[in-house]
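Visitor: this one's sequence-less:
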Ligand code: ANZ
C-alpha cells in the first residue's frame, strides 16, 4: 500500500517487542559490550500521560535507542514516583484509599508508555509506594540517623495552611506553597531534618564533574546560588553586663571601624537573651509582629525598616566603642549567627535602618561617591580605608586581610565561610508517604526501628481518616501507634510523620539496577558497573530540589562505601515545554492539547516526529506552530521509499556496485546524522533524514531506479535512522526491506570515509565586489588559507595593482572579496 496504517503498525510491533524483549539490559558479567545507563525522571501518576511527558520521553528514547543502535548493553528502566499529596486528596474526595487511585493511574500510564513506543526495560520497573521500595527509604533513613545526618530540632518551619503540612525551603516559591499556591506561614515545630549542610562545599566542588556542557549551565548556576557560599569573618563582640561575647558574621570586616550599631534577629533566642528588662514589653510586642512574616517578606528592600532597641550595648573589639543593640526583622535568625554589626555607610539595609532610627552613619571607605548620610545611598564599592586606625590607606582587599590578622592575634575574630543552604526539612504531616522508622520511648528517647522489623508499613486508613488536621493522620491509628520500645521493651509510640517524597526520588536511579533485591537497597557491585547514570532527562523545575537532593544522597552513599562515584548523573538534559499559542497549556486558558487524541488522529510516529522536529530538545515546542500532518506526509514518503526498494531488491546486494552520487549522499547523511544525534540536535538530524528520503526518491524516479543497490543502501539507513524518532514505521520499513529481526538494535552503520570526502568546490575571488578569479578548493578549507590563496591569485593581483588592501572578506569556502583603496 502507499500509505501506512499507523494503528495497525503500532499493534503489530508493540506485540512483537513485548514478546521478543529487544530492549532488556543484560546483567550477565560475561557481556563485554559497553554499558549505557539512561534514565528519565520518573513519572508522578497523576493521570494519563500528557504532552509534556511525550516530549521528555521522546527525547530520552532517542538517546536510549541510539545507544541500542550502537550495540551497547543499554539499561533504560521505568518507574513511578507514586507517593504524594494528590493521591491523598483524591482519596479524601472519593472516600477511598490512595492506593487505588495511584495504582490505577500507574497502569494507565504504563500502557500509554508502551503504546508510545518507548524502548524501555520493563523488568526493572519500580513504584516508590510499594513496601518493597519504601522499606529501603527507612533503611537509608536509619543509616543517616546513625551517622548524625538525620536529626530532630525545634524551629520555625514553613507551614502550608491549605495542605496542613510543613514544607522544605525548596518547596516555598516566593512565599507560597510550591504545590497549591497558598501563602506559607511560619510555625514553631519539632521536625526531622537531613543534614545536607554538611555537604555544602562538596556539592559546590563536585560541580567540576558536571560543567563544560555536561549539565546545563543554568542549573549549575541555580545550584551555586542556592548553596550560596559566602566568605568573610566571624567577629566576637563583648556585651556590657553579659559574660558571653556575641559573634557576628560579616563579609566586610574591613568596615569594622564604621560599625555604629548592632542588630540581632528579633526571632532569635539571642534577642530574648539580650533584652534588658525595661525593654521587654516593647520587644515582645515587636516579636509577635515579626512572627507573621515570611523570610522573603523580611528580606525585601522595599519594606520600611522596623526594630526595637534592646536596652544594651556591644563593644566594638577594634576601638572599644559602645554600640546600641537592636532587634530587627531584616536580620534572619537562621543565617550566620543571627546577629550583625551594622555599617550604615556601606550597607544599604543598615543605612535604611540608621536613617529610620536616627543612628550615626560613619564613612570608612573612601569611594569618591557622595556622603551616604545625605544621599541615602550606601557606598558598597572599592575604595581606600580612612578613619580606621591600622587600616588607613589600604584597599578593601588588603584591609580585610589585615584586620583578620589582627583579630586572629587578639582572639576576637577569624576568617570563615557561610552557606545559604539550610538543612533539608524532611517530616510531613500527611499519610501517603514513607513512615519515619523511629520509636519515641519515654525512657530511651528516639530509637530507630531495628532493620529486621522494616518495613514499617502504613496503617490502613482511607477517605475522611486522611483529612488534614495539622497533625499526621497516622497519629489516629492507635493500634499502629503504640508499640514496645525496641530498646527497653517499655510502652512507646511510633513517629507519626511521613517522609518528604523527595527522599524517594533521591536514590531510585540506584534501585533500578537491582529493583527487586530484598537484601539491600541496591546491589553495590552492579550499580558501580552501571553508574553513574550516563544521561538523565527531565525538567528544569527540579534544579534546586530533586537534583540537589540526589547529589547529596549519592555523596552520603559514597561515604558509606556503598558507591564508588560521587555524582549521580554524568549528563543532564532538560527538555523544553510543550506550549500552545505561546502559553503554557492550562485548564484555565483552555488551550490544552490531549496527547491521546493526537495519537489517535495521527499515530505515535507522527506525534513523536513532530515533537522532535519542532525544536532542539531544550527549547519549547509551540503546538500551534507545528504540523503533525506534514510529519505524517514525510513518514508516508519514507515508507514508500522503503517498500519500493524492498520490493525491487533483496538484502545483501553489494552497495559498491550502486549509483555513486546517491552513495555519497547516503554516507554524508550517515556521518552528519551520527554527529547531530550525538550532539542532541535531533531536529536537524530529522531534517537530514528528510533530505535523504528525497534523494532516494529522486534516484528511484529519475535516476538508476528502485533496484539499484545504492537505493537499498539509502532506504536501509532511512529505516535505521528513523528507528530513533519514529520506531513503528522504521520496523515496518525494515521488514519491507526483507529483514526479519528488529531494526532497533545494533544496526547503526559507519560512514565510508572514501564516500564522505567531497571533491573540490569553486571559490569566487572578487576585487571591489567584481568577480576576477575562480579557485578550486576543498570544501572544508581553513579561512586563513583561503585568504592567502585569494591574495596570491595572479588575476586578482592584476586588479589590485599598487593599491592598498584595506580589508579581505572571507566566506569560506565559496567567496573571498578583496577591498582596496
Ligand atoms: C557588615 C557589613 C558591612 C556587611 C558592609 C555587608 C556590607 P552574604 O554575602 O549574603 O553572606 N548578615 C550577616 N548575617 C546576617 C543575617 N543573619 N541576616 C541578615 N544579614 C546578615 O551577606 C553577609 C552580610 O550580610 C554580612 O556582612 C552582614 O552584613 C549581613 F559594608 O556585615 B555585613
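Guide: Arrived safely. Owing to the predicted nature of the structure, the values given are computational and were not obtained by experimental measurement.

Visitor: Hmm, residue 614 is touching residue 683, no?
Guide: Yes: counting by C-beta atoms under 8 Å, residue 614 touches residue 683, with 6.9 Å between them. C-beta: built from backbone N, CA, C; applies to glycine.

Visitor: The two: which has the busier surroundings?
Guide: Neighbours per residue, other C-beta atoms under 10 Å: of residue 614 and residue 683, the larger number sits with residue 614, 21 against 18.

Visitor: which residues of the stretch 451-600 of the chain fall in strands?
Guide: Per DSSP state E, counting those that start in this stretch, the stretch 451-600 of the chain carries strands over the ranges 482-484, 491-494, 498-499, 533-537, 569-573, 578-580, 583-584.

Visitor: Repeat that for the stretch 301-450 of the chain.
Guide: Under DSSP E, counting those that start in this stretch, the stretch 301-450 of the chain gives strands at 307-315, 322-328, 339-342, 365-366, 384-385, 413-419, 424-425, 427-428, 438-441, 445-448.

Visitor: What helices and strands are in contact with the last one?
Guide: When contacts are defined as 3 or more C-beta pairs under 8 Å, 6 or more residues apart in numbering; DSSP states H and E, strand 445-448 packs onto helix 131-146, strand 438-441.

Visitor: how about those, which one is nearest residue 330?
Guide: Across these, residue 330 has its closest neighbour in helix 131-146 (34.5 Å, C-beta to C-beta).

Visitor: Run through the neighbouring helices and strands of the following helix or strand past the closest one.
Guide: Using DSSP states H and E, the helix or strand that follows helix 131-146 towards the C-terminus is strand 150-160. Applying 3+ C-beta pairs under 8 Å, 6+ apart, one finds that strand 150-160 contacts helix 131-146, strand 165-167, strand 185-194.

Visitor: Can you give me the distance of residue 730 to residue 247?
Guide: According to C-beta to C-beta, to the nearest Å, residue 730 and residue 247 sit 67 Å apart.

Visitor: and if you look at residue 18?
Guide: 65 Å.

Visitor: Please name whichever of the strands of the stretch 451-600 of the chain is nearest to residue 224.
Guide: Per C-beta to C-beta, nearest to residue 224 of the strands of the stretch 451-600 of the chain: strand 569-573, 15.0 Å.

Visitor: Just name the shakiest helix or strand of the chain by mean pLDDT.
Guide: helix 295-299 (a mean of 69; mean pLDDT, DSSP states H and E).

Visitor: Residue 727 contacts residue 603, doesn't it?
Guide: No: if you go by C-beta under 8 Å, residue 727 and residue 603 don't touch, sitting 11.4 Å apart.

Visitor: Compare those two and say which is more crowded by neighbours.
Guide: Neighbours per residue (other C-beta under 10 Å) separate residue 727 from residue 603, with residue 727 holding more: 28 against 25.

Visitor: what sits against that one?
Guide: Residue 727 sits next to 13, 61, 65, 117, 119, 605, 608, 744 when contact means C-beta atoms under 8 Å, 6 or more residues apart in numbering.

Visitor: any idea which of those residues is closest to the ligand?
Guide: Distance to the ligand, by C-beta to the nearest ligand atom, is smallest for residue 61 among the contacts of residue 727, at 43.0 Å.

Visitor: Which positions in this protein make contact with the ligand?
Guide: Within reach of the ligand by C-beta under 6 Å from any ligand atom, the chain has these residues: 230, 249-252, 255, 265, 331-332, 335-336, 338, 340-341, 343, 346-347, 418.

Visitor: So the residue of the stretch 601-750 of the chain at minimum distance from the ligand, which state does it fall into?
Guide: Per C-beta to the nearest ligand atom, residue 618 is where the stretch 601-750 of the chain lies closest to the ligand, at 30.8 Å. Put simply, residue 618 is coil when judged by DSSP: H, G, I helix; E, B strand; the rest coil.
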